[in-house]
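here is the input, now give the coordinates:
(chains A, B, C and D)
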Number of protein chains: 2
Amino acid sequence: MPPIKVKNSAAAGTNPVPEAVRKARAKIRKGGKPLTRIQREKQDIILDAALEIFSLHGFRGATIDQIADAAGMSKPNLLYYFPSKEIIHKRLIAELLVTWLAPLREMDPDGDPIPEIRSYIRRKLEMARDYPRESRLFANEMLQGAPRTIDMLEGDLKALVDEKAKVLYRWMDEGKIARTDPYHLIFAIWATTQHYADFDVQVRAVLGKGRNGEGRFEDAARFLENLFMTGLGTKRA
Amino acid sequence: MPPIKVKNSAAAGTNPVPEAVRKARAKIRKGGKPLTRIQREKQDIILDAALEIFSLHGFRGATIDQIADAAGMSKPNLLYYFPSKEIIHKRLIAELLVTWLAPLREMDPDGDPIPEIRSYIRRKLEMARDYPRESRLFANEMLQGAPRTIDMLEGDLKALVDEKAKVLYRWMDEGKIARTDPYHLIFAIWATTQHYADFDVQVRAVLGKGRNGEGRFEDAARFLENLFMTGLGTKRA
DNA sequence: AGGATTTTTGACCAGTTGGAAAAACGTTAG
DNA sequence: CTAACGTTTTTCCAACTGGTCAAAAATCCT
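Numbering: from 1, shown residues only, chains lettered A, B, ... in the order given. Here you go, the predicted structure:
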């Protein structure tokens, strides 16, 4: 990390418009409220490119140059929209966590257990199919020990899972699903669905030419539904 | 990547012993056969340290300095034992793939299906517990699109899985296990077991203080055995 | 149009990184 | 003791990295 540079405040006279001051002003304004349409668009392009690169190489392995390249602009230009690599990453992670947990949040405590769980699995698998980059970004974070995410994991995530685990326990008590460990059930659903995003290369390599069209997601959906639904059938208690 | 530098051959006179030549000779010898005990020991230390660092930061994110540090030696000293970062990584991946697939290889076609699959799951979970770094190294490779592993995936790995899939199909035909997709069954076993190594932070965060001692692996073993064995019970076909 | 503002660029900088060279060090066989 | 060998350290370098800065270019507003 380069040393923190103290920005020389505009102590000079009231010349036409000192460059450094103008620049500073622009950045400060962005820290404020408005944010024009173009700025939002460019930021979106950058975030999309950054997602691509970060999800592939992790935080340390990704370079601003790569991201700028993927976003079709120069490095200084990118840095005009975001003050640093770290900030971009933080934004991505924050956005990710919201959408990533939506399916679990939507599992309805008052719904019918089997259909609720079934559709949770389906939605999670659809996310792996439609948002593999987000999945890999998250996986990268986890692999590195979640340095920038640990608070969220121990806070919101744990709270959410605890809450849903209680619902699952209740469903078990009511005899609507087989008795099992709800935490590890959730882990298993996460693991199996995200596997199709994170280990996509391996899946495609193993399935080979014949099967690797879009078919693998259909097959996976059928298999996982079968696996978990059989496992949750009440006929075995 | 730095440009390949042509080594200026020892065209000079026969001075006492030109340094560059000596160094080159030493490296060449290592390329040959013998390899002393000390050399093997140091190389092992380096490989162990490299596994630690690579598994945490991925190839690009890891630096030789970090690895050297973890191995308790200086960077040039490390580079005395291995010619480059890339070579170290290759060695690790190669070693990994052998041990990593051992459990699947050991699944006996002539054994009893249910116990065979059960003990495969158990061994895979034990590997996640005992060799989490190897698991994460592999996961990192996959996330990056397996640039250094794709051949192996499409070759040996695919062949092995195809072979075992055939065995599973036979067991299904013989009515010994429920009919299901053997490929996705294997994927599910990989995903769920490796999850406990790769996403360890998340698992511990969610389970919280109370449960995260070594208990989680016992619980996981019970859960997964239950899940897969119920799913494979023949009573439903 | 013309001035102000926003966006883009090119040059640059300091710190890091992978790696090379060579000299210094240690050990052991003669 | 010392020459030869293997090992380790010091020094160095070129490329890369995250990031700055001032000026140029494009855009916006009236």
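
how about residue A:62, nearest residue that isn't a chain neighbour?
Of all residues not flanking residue A:62 in the chain, residue A:53 sits nearest, at 4.5 Å (C-beta to C-beta, 6 or more residues apart in numbering or on different chains). Where C-beta positions appear, they are placed from N, C-alpha and C, glycine not excepted.

mind telling me what element that neighbour is part of?
Using DSSP states H and E, residue A:53 falls within helix A:37-61.

same check on residue A:207?
helix A:200-211.

that helix vs chain B: in contact?
Yes - Helix A:200-211 reaches chain B (C-beta under 8 Å from any C-beta of the partner chain) through A:200, A:201, A:202, A:203, A:205, A:206, A:207, A:208, A:211.

show me what that helix is packed against.
Applying 3 or more C-beta pairs under 8 Å, 6 or more residues apart in numbering or on different chains; DSSP states H and E, we find helix A:200-211 packed against helix A:215-232, helix B:132-143, helix B:158-173, helix B:182-198.

now do the buried residues in it.
Neighbour counts using 16 or more other C-beta atoms under 10 Å in any protein chain shown place A:200, A:201, A:202, A:203, A:204, A:205, A:206, A:207 of helix A:200-211 among the buried residues.

with pLDDT and distance to residue B:156 added, can I get those in JSON lines?
Below are those laid out as JSON lines (pLDDT from 0 to 100; distance: C-beta to C-beta, whole Å):
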{"residue": "A:200", "pLDDT": "97", "distance to residue B:156": "19"}
{"residue": "A:201", "pLDDT": "96", "distance to residue B:156": "15"}
{"residue": "A:202", "pLDDT": "97", "distance to residue B:156": "12"}
{"residue": "A:203", "pLDDT": "97", "distance to residue B:156": "16"}
{"residue": "A:204", "pLDDT": "95", "distance to residue B:156": "16"}
{"residue": "A:205", "pLDDT": "95", "distance to residue B:156": "11"}
{"residue": "A:206", "pLDDT": "96", "distance to residue B:156": "11"}
{"residue": "A:207", "pLDDT": "95", "distance to residue B:156": "15"}
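
for residue A:150, state which of these is nearest.
Comparing the buried residues of helix A:200-211 against residue A:150 with C-beta to C-beta picks out residue A:200 as the nearest, at 26.3 Å.

who are the neighbours in contact with the residue nearest to the closest one when sequence neighbours are not counted?
Distances taken as C-beta to C-beta, 6+ apart place residue A:132 nearest to residue A:200, at 6.2 Å, with adjacent residues excluded. By C-beta atoms under 8 Å, 6 or more residues apart in numbering or on different chains, the contact set of residue A:132 is A:55, A:197, A:198, A:200.

okay, residue A:132 and residue A:36: tell me how far apart.
32 Å (C-beta to C-beta, to the nearest Å).

picking up where we left off before, ok and the helix holding residue A:207 relative to helix A:132-143, angle-wise?
Put simply, helix A:200-211 runs at 140 degrees to helix A:132-143, going by axes from the mean of the first three to the mean of the last three C-alpha atoms, to 10 degrees.

could you dump helix A:200-211 to PDB, C-alpha only?
In PDB, the C-alpha atoms belonging to helix A:200-211 read as follows (Å, rounded to 0.1, in the frame of the first residue of the first chain):
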ATOM      1  CA  ASP A 200     -18.500 -25.700 -14.100                       C
ATOM      2  CA  VAL A 201     -15.300 -26.600 -16.000                       C
ATOM      3  CA  GLN A 202     -15.100 -29.900 -14.200                       C
ATOM      4  CA  VAL A 203     -18.700 -30.700 -14.700                       C
ATOM      5  CA  ARG A 204     -18.500 -30.000 -18.400                       C
ATOM      6  CA  ALA A 205     -15.200 -31.900 -18.700                       C
ATOM      7  CA  VAL A 206     -16.600 -35.000 -17.000                       C
ATOM      8  CA  LEU A 207     -19.900 -35.000 -18.800                       C
ATOM      9  CA  GLY A 208     -18.000 -34.700 -22.100                       C
ATOM     10  CA  LYS A 209     -19.200 -33.500 -25.500                       C
ATOM     11  CA  GLY A 210     -22.500 -35.300 -25.600                       C
ATOM     12  CA  ARG A 211     -24.200 -34.000 -22.500                       C
END
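
what does that helix contact?
Residues outside helix A:200-211 that contact it (C-beta under 8 Å, 6+ apart): A:132, A:195-196, A:212, A:216, A:219, B:142, B:145-146, B:150, B:153-154, B:157-158, B:161, B:183, B:187.

out of those, which touch DNA strand C?
With the criterion set as C-beta under 7 Å from any atom of the strand, no member of the contacts of helix A:200-211 is near DNA strand C.

buried subset of the residues you listed?
Buried among the contacts of helix A:200-211 (16+ other C-beta under 10 Å): A:132, A:195-196, A:216, A:219, B:142, B:146, B:153-154, B:157-158, B:161, B:183, B:187.

ok, the residues you listed vs DNA strand D, which is closest?
Sorting those by how near they are to DNA strand D, with C-beta to the nearest atom of the strand, puts residue B:146 at the top with 20.5 Å.

tell me, how many residues neighbour the closest residue to residue A:57 other than its chain neighbours?
Using C-beta to C-beta, 6+ apart and skipping residues adjacent in sequence, the residue nearest residue A:57 is residue B:60, 5.4 Å away. Residues lying near residue B:60 (other C-beta atoms under 10 Å in any protein chain shown) number 16.

so residue B:60 is in contact with residue A:61, correct?
Yes - between residue B:60 and residue A:61 there is a contact at 3.3 Å, judged by C-beta atoms under 8 Å.

what's the weakest-modelled helix or strand in chain A?
helix A:19-31 (a mean of 45; mean pLDDT, DSSP states H and E).

can I see the domain layout of chain A?
Listed by automatic domain parsing, the domain ranges of chain A are A:35-83, A:92-236.

quick check: which of these is nearest to DNA strand D?
Using C-beta to the nearest atom of the strand, the domains of chain A put domain A:35-83 closest to DNA strand D, at 3.4 Å.

give me the pLDDT for the closest residue to DNA strand C within chain A.
Closest approach of chain A to DNA strand C (C-beta to the nearest atom of the strand) occurs at residue A:76, with a separation of 3.1 Å. On pLDDT, residue A:76 comes in at 97.

check the one 5 residues further on too.
Per-residue confidence for residue A:81 comes out at a pLDDT of 97.

so what's it up against?
Contacts of residue A:81 (C-beta under 8 Å, 6+ apart): A:39, A:42, A:43, A:46.

got it, and residue A:146?
So residue A:146 contacts A:153, B:201, B:202, B:205 (C-beta under 8 Å, 6+ apart).

one more: residue A:93?
A:137, A:141, A:148, A:149.

okay, and it sits in which element?
Secondary structure (DSSP H and E) places residue A:93 in helix A:85-105.

among the contacts of residue A:132, which two are most distant?
Top of the distance list for those (C-beta to C-beta): A:55 and A:200, 11.4 Å.

helix/strand/coil for the spatially closest residue to residue A:120 that is not a sequence neighbour?
Spatial nearest neighbour of residue A:120, chain neighbours left out: residue A:107 (5.1 Å); criterion: C-beta to C-beta, 6+ apart. Recorded secondary structure, residue A:107: coil (DSSP: H, G, I helix; E, B strand; the rest coil).
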